[in-house]
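S.K.: Fold the following.
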Amino acid sequence: EAQLVESGGGLVQAGGSLRLSCVVSGFTFDDFAIGWFRQAPGQEREGVSCFAKTDRMTYYADSVKGRFTISSDIAKNTVYLQMNSLKPEDAAVYYCAAVSTWECTILTGGTYWGQGTQVTVSS
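M.R.: You can find the predicted model right below:
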């Protein structure tokens, strides 16, 4: 059974940093890319970043480029999202998802999803 478990969310002041983790099981990074998405109340889900091991590719939405960094620890089946210089508009529930490699640069959806972790940014 495919599972993704996010952690690392919390409350941070604007300008601060958080690192989110996504631990996967039931599949490998050769099977799927891992995308990070976020959704704030009343807003549409937004694809934030993606890591595709098979293509050695990373992707970032313009809204986070230069501030967020996606990385992986293959041995730990974990993908990280380092978020720096956080802004109030980054506040949302962040989800990781298993996505097809070809979807990694468009991030329209995922095959398997985690439960989400809340990120709150105070101004």
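S.K.: Mind listing the residues bridging to the residue nearest to the spatial centre of the chain?
M.R.: Nearest to the geometric centre of the chain sits residue 36, at 2.3 Å (CA atoms, centre = their mean). Residue 36 has these beta-bridge partners by DSSP bridges: residue 49, residue 96.
S.K.: Enumerate every residue touching it.
M.R.: Residue 36 makes contacts with 20, 22, 47-50, 70, 79, 81, 94-97, as judged by CB atoms under 8 Å, 6 or more residues apart in numbering. All C-beta spots, glycine's among them, are computed from the backbone N, C-alpha and C.
S.K.: now, which of these sits nearest residue 87?
M.R.: residue 48 (13.0 Å; CB to CB).
S.K.: what about that closest one, distance to residue 37?
M.R.: 6 Å (CB to CB, to the nearest Å).
S.K.: list residues touching both of those two?
M.R.: Joint contacts of residue 48 and residue 37 (CB under 8 Å, 6+ apart) are 94, 107.
S.K.: With adjacent residues omitted, what lies nearest to residue 76?
M.R.: Spatial nearest neighbour of residue 76, chain neighbours left out: residue 23 (7.3 Å); criterion: CB to CB, 6 or more residues apart in numbering.
S.K.: give me the number of residues near that neighbour?
M.R.: For residue 23, the count of nearby residues is 16 (other CB atoms under 10 Å).
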